[in-house]
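Engineer: sequence isn't available, so here's the structure alone:
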Ligand code: GLA
Ligand code: ZN
């Protein structure tokens, strides 16, 4: 089971016609036709509508909504609607709402608010999914199922506590094993009974917030448990859907979202999908990393862009508008990284509640002559012209970047060496370097097969589990390069330090050892001199004092008592190399190191270092290479075409050696000559 079968890149988005009178629907579809919208995601928050009372199901309105979409020839992604529970449920069963980190039992309100361990929530959400599937499975327009919505958050109630204890019994079998894993001799924490174990919260092990815990072991395990408790909710609903429908099932992920370990979820989804809401409008690498991470969840299989705003969000304090051309550019960026669907939140704007100012394809006035609508319609036409060319195409990456939720958690819940080191920022710096060099990258979990990669970049790989160190060593053994950084190889799967030199089991591959490390406030710089020349880059936050044990020195600190000692090293290992970067180099330094590695393997792209220019390749099932050139800069840029082909968006010929212009915020999609 994989992606929904479609004839082109699906185009459309969340559509909530239950919020407005039926006569408006005709207008909606007239406008959808104009905009080339072929796909609607229905029913994402319909639980109170479809189950208005404990023993009453009412699908009358949803029937009309689904029938209308089908009659209008749309493809439907049908949601189970369990991302927000109805008020009657919270009233009848107060335990269905969550208890927060501070120990406060929430009452009815908001969304994404159900306790994942609540038996009544589990039973009723599953029953709703079962009934929806039974009702609509035979409708050929329903091509995909969308379970829940943006799973996340955490609950600390007594039901979750009981669930946690059960989860721990299954994981550890004995209290002796648990006590050892959590290192409970420290601070007199030895547990003599499973029922003594409390969820780690502000009332128990934590002291300043969710990242400040006295015991990393219990906090790590609680995050794992919560992620799996919500996964169980997803799996319940999916199993209920499967009783009557074979259509692919997904849920909308959120890219680099810390609370949920998407790698542990991935095998349970038929295809991945995600909601792309970047932190600002100048983070193309952040979005690219999100796309690559989502594509990596299912072995490189294409994914769906389930949501993006056509214009502006509403939940931020300040919500900037996408500039002309930017929505199109970001949509193509998603396709360039593996999206087989481009969907919006939302097709028509809500009139009330907190998202009434959230951008939509159709605004409150219902006009087709707005800039946003016109841009959506132009993109719709463009995608229609493109047809099925990109569907199912794969990214031919020989560079892998490891992304690991356990390392993220373990790093950020540790006291020391520095709270200023943020996992996402370290990963992003290395990804940005690869991105700017134009390398195609797979972002994958630590359990993924590494045998197809020449370069493996593992920033802040704090936790080393299972046989990962051996598998990384094998990459170098056969001639590949492995690059890792400060704060890698520090802890085992329980979050306990290795009884050996830092970086633990990576030490042999890296040919270094680290006895000491220094951490300083963000404004303190220790320059690092890189290479043989005079390239000096500021480094900050954490400074590991790297002692070569076979590795050659590539960069050294310039200041403080460790001036002149190594900060960056390269070790020959087997036929390849282990690179170690012992400090948070500023971006030019990270980019310099990454470029040494890429150039060594000939993996730098044909258009490196053009500011704002992103390139990405997809290879279709018949072997055709599609190269996307995306200009994130508002000014046009001209490069010399490296290969010939045809721009599929204009029909223009691209000749090798000739100038190739990409408009400001423009996109060129070259089908390269064979
Ligand atoms: C999320 C949700 C949507 C909507 C958008 C608004 O992605 O899934 O329901 O709230 O955010 O940006
Ligand atoms: Zn709970």
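Structural biologist: Perfect, thanks for sending it. Because the structure is predicted, anything quoted here is derived from the model rather than measured. Ligands and ions are numbered 1, 2, ... in the order given.
Engineer: going forward, measure contacts between C-alpha atoms and count neighbours the same way
Structural biologist: OK.
Engineer: show me what the closest residue to residue 292 other than its chain neighbours is bridged to.
Structural biologist: Of all residues not flanking residue 292 in the chain, residue 443 sits nearest, at 5.5 Å (Cα to Cα, 6 or more residues apart in numbering). Note on residue 443: beta-bridge partners residue 401, judged by DSSP bridges.
Engineer: quick check: residue 443 touching residue 299?
Structural biologist: No. Using Cα atoms under 8 Å, residue 443 is not in contact with residue 299; the gap is 9.9 Å.
Engineer: more neighbours: those two, which one.
Structural biologist: residue 443 (28 against 16; other Cα atoms under 10 Å).
Engineer: so which bits of the strand ranked longest in the chain are buried?
Structural biologist: Using DSSP state E, we find that the single longest strand of the chain is strand 535-548. For strand 535-548, the neighbour count (16 or more other Cα atoms under 10 Å) marks 536-548 as buried.
Engineer: and if you look at stretch 450-469?
Structural biologist: 450, 453-465, 468-469.
Engineer: enumerate the residues of the stretch 51-200 of the chain near ligand 1.
Structural biologist: 149, 150 (Cα under 6 Å from any ligand atom).
Engineer: residues of the stretch 51-200 of the chain that sit close to ligand 2?
Structural biologist: 115, 155, 157, 160 (Cα under 5 Å from the ion).
Engineer: which of the residues you listed fall in helices?
Structural biologist: Of these, the ones assigned to helices by DSSP state H are residue 160.
Engineer: just the helices in the stretch 401-550 of the chain please.
Structural biologist: For the stretch 401-550 of the chain, the helices defined by DSSP state H, counting those that start in this stretch cover 405-412, 423-436, 468-477, 507-510.
Engineer: what packs against the first one?
Structural biologist: Helix 405-412 makes packing contacts with helix 216-242, helix 423-436 when contacts are defined by 3 or more Cα pairs under 8 Å, 6 or more residues apart in numbering; DSSP states H and E.
Engineer: helix, strand or coil: sort out residue 592 for me.
Structural biologist: helix (DSSP: H, G, I helix; E, B strand; the rest coil).
Engineer: tell me, how many residues neighbour it?
Structural biologist: 17.
Engineer: and if you look at residue 94?
Structural biologist: 15.
Engineer: just residue 502 next, same as before
Structural biologist: Under the criterion other Cα under 10 Å, the count of neighbours that residue 502 has is 23.
Engineer: could you shift the numbering so residue one becomes 867, and keep it that way?
Structural biologist: OK, 867 is where the count begins now, so the last one is residue 1368.
Engineer: okay, now the domains of this protein?
Structural biologist: 876-955+983-1017+1088-1252, 1024-1084, 1265-1467, 1479-1538 (automatic domain parsing).
Engineer: center of the protein, which residue is that?
Structural biologist: Central residue of the chain (Cα atoms, centre = their mean): residue 1121, 2.0 Å from the mean position.
Engineer: who are the contact partners of residue 1378?
Structural biologist: 1369, 1412, 1413, 1414, 1415, 1416, 1417, 1435 (Cα atoms under 8 Å, 6 or more residues apart in numbering).
Engineer: from ligand 2, how far off is the third one?
Structural biologist: Put plainly, it is residue 1413. Relative to ligand 2, residue 1413 is positioned 48 Å away (Cα to the ion, to the nearest Å).
Engineer: list the contacts of that residue.
Structural biologist: 1378, 1379, 1380, 1381, 1431, 1432.
Engineer: returning to what we had before: take the residues of the stretch 917-1066 of the chain next to ligand 2 and lay them out in CSV including neighbour count and pLDDT.
Structural biologist: Shown next, in CSV, are those (neighbours: other Cα atoms under 10 Å; pLDDT from 0 to 100):
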residue, neighbour count, pLDDT
981, 25, 98
1021, 25, 98
1023, 24, 98
1026, 24, 98
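Engineer: how close does residue 1087 sit to ligand 1?
Structural biologist: 27 Å (Cα to the nearest ligand atom, to the nearest Å).
Engineer: tell me the pLDDT at that residue?
Structural biologist: Note on residue 1087: pLDDT of 98.
Engineer: for this protein, what lies in contact range of ligand 2?
Structural biologist: Counting by Cα under 5 Å from the ion, the residues of the chain near ligand 2 are 981, 1021, 1023, 1026.
Engineer: now the last one. Nearest residue, chain neighbours left out?
Structural biologist: Spatial nearest neighbour of residue 1026, chain neighbours left out: residue 983 (5.5 Å); criterion: Cα to Cα, 6+ apart.
Engineer: cool, and the third one?
Structural biologist: Counting by Cα to Cα, 6+ apart, residue 965 is the residue found nearest to residue 1023 once chain neighbours are left out, at 5.0 Å.
Engineer: how many residues are close by the spatially closest residue to residue 1295 that is not a sequence neighbour?
Structural biologist: Nearest non-adjacent residue to residue 1295, counting by Cα to Cα, 6+ apart: residue 1453, 6.2 Å away. Residues near residue 1453, counting by other Cα under 10 Å, number 18.
Engineer: and residue 1453, how far from residue 1308?
Structural biologist: 21 Å (Cα to Cα, to the nearest Å).
Engineer: what does residue 1357 give?
Structural biologist: For residue 1357 relative to residue 1308 (Cα to Cα), the value is 25 Å.
Engineer: ditto for residue 1412
Structural biologist: Distance from residue 1412 to residue 1308, by Cα to Cα: 29 Å.
Engineer: likewise residue 1329?
Structural biologist: Taking Cα to Cα, one finds residue 1329 at 20 Å from residue 1308.
Engineer: tell me the contacts of the residue nearest to residue 1158?
Structural biologist: 1155, 1158, 1159, 1161, 1162, 1266, 1267, 1268, 1269.
Engineer: I figured residue 1408 hits residue 1386, correct?
Structural biologist: Yes. Counting by Cα under 8 Å, residue 1408 touches residue 1386, with 6.6 Å between them.
Engineer: give the residues shared as contacts by those two.
Structural biologist: What both residue 1408 and residue 1386 touch, as defined by Cα under 8 Å, 6+ apart, is the set residue 1284.
Engineer: where does the chain dip in pLDDT?
Structural biologist: Regions of the chain meeting the criterion pLDDT under 70 cover residues 867.
Engineer: could you redo the last one with a cut-off of 90?
Structural biologist: For the chain, applying pLDDT under 90 flags the ranges 867-868, 1398-1400.
Engineer: break down the stretch 867-1016 of the chain into its helices, ranges please.
Structural biologist: Under DSSP H, counting those that start in this stretch, the stretch 867-1016 of the chain gives helices at 888-901, 913-916, 926-937, 953-958, 985-1002.
Engineer: would you map the strands across the stretch 1017-1166 of the chain?
Structural biologist: With strands called from DSSP state E, counting those that start in this stretch, the stretch 1017-1166 of the chain shows them at 1115-1116, 1118-1119, 1139-1141.
Engineer: so, in contact with ligand 1 or not, the last one?
Structural biologist: Yes. Using Cα under 6 Å from any ligand atom, strand 1139-1141 comes into contact with ligand 1 via residue 1141.
Engineer: same check, this time on the first one
Structural biologist: No. When contact is scored as Cα under 6 Å from any ligand atom, no part of strand 1115-1116 falls within range of ligand 1; the minimum is 13.1 Å.
Engineer: paired strands for that strand, with orientation please.
Structural biologist: For strand 1115-1116, pairing defined by DSSP bridges yields strand 1008-1012 (parallel).
Engineer: if we can go back for a sec, can you list the helices of the stretch 1267-1416 of the chain in a markdown table and add distance to residue 940?
Structural biologist: Formatted as a markdown table, the helices of the stretch 1267-1416 of the chain follow (distance: least, Cα to Cα, whole Å):
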| stretch | distance to residue 940 |
| --- | --- |
| helix 1271-1278 | 37 |
| helix 1289-1302 | 36 |
| helix 1334-1343 | 46 |
| helix 1373-1376 | 54 |
